[in-house]
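Trainee: Pasting the sequence and the predicted coordinates here, then a few questions.
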Amino acid sequence: MIVADTNALIWFLEDLPALGRIARRLVEGAHAEDSLAASAFSFWEIAFLIGRNRLEIDVTADEFRREALAFGIREIALTGDIGIAAVMLEGLHRDPADRIIVATALANDATLITADRRLLGWAGLLKRHDARL
């Protein structure tokens, strides 16, 4: 399973060139196998960024989510286990969205596709791939 971080999810669904060639192949392969997912918290983060004028896309956050789900992206709900695991991640910065997304990937034994340098450089046992490559 592949969990797309918020940036990678946007880049994939908006067909933006920021998503690297290898990452795109990984994401497309997971999508073809019905194993491409996103944390429900990514949709919160998208709504938050749109509301703060830090993200411009052609649809509302609600429409983006509906389109992602209709396209076959699996939404992984935030559970109590994931929430608790997010707090327990040693050495990871404090950003709650990143912590929840990482905990979601770990809980599902998934590879995280992300461009976040802090997540890529984190020493934890997370399978990850740089979304820019």
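Mentor: That came through fine.
Trainee: got the residue ranges for the strands in this protein?
Mentor: 2-4, 36-39, 74-76, 111-114, 128-130 (DSSP state E).
Trainee: Point out the most buried one among those strands.
Mentor: strand 2-4 (a mean of 29; mean count of other Cβ atoms under 10 Å). Any C-beta I mention is one placed from the backbone N, CA and C, and that applies to glycine too.
Trainee: Strand partners (parallel or antiparallel) of it?
Mentor: Sheet pairing of strand 2-4 (DSSP bridges) gives strand 36-39 (parallel), strand 111-114 (parallel).
Trainee: What I need now is those strands written out in CSV, including distance to I22 and mean pLDDT for each item.
Mentor: What follows is the strands paired with strand 2-4, written out as CSV (distance: least, Cβ to Cβ, whole Å; pLDDT from 0 to 100):
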stretch, distance to I22, mean pLDDT
strand 36-39, 15, 98
strand 111-114, 10, 98
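Trainee: how about JSON lines for those strands, with distance to A77 added?
Mentor: Compiled in JSON lines, the strands paired with strand 2-4 are given as follows (distance: least, Cβ to Cβ, whole Å):
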{"stretch": "strand 36-39", "distance to A77": "9"}
{"stretch": "strand 111-114", "distance to A77": "17"}
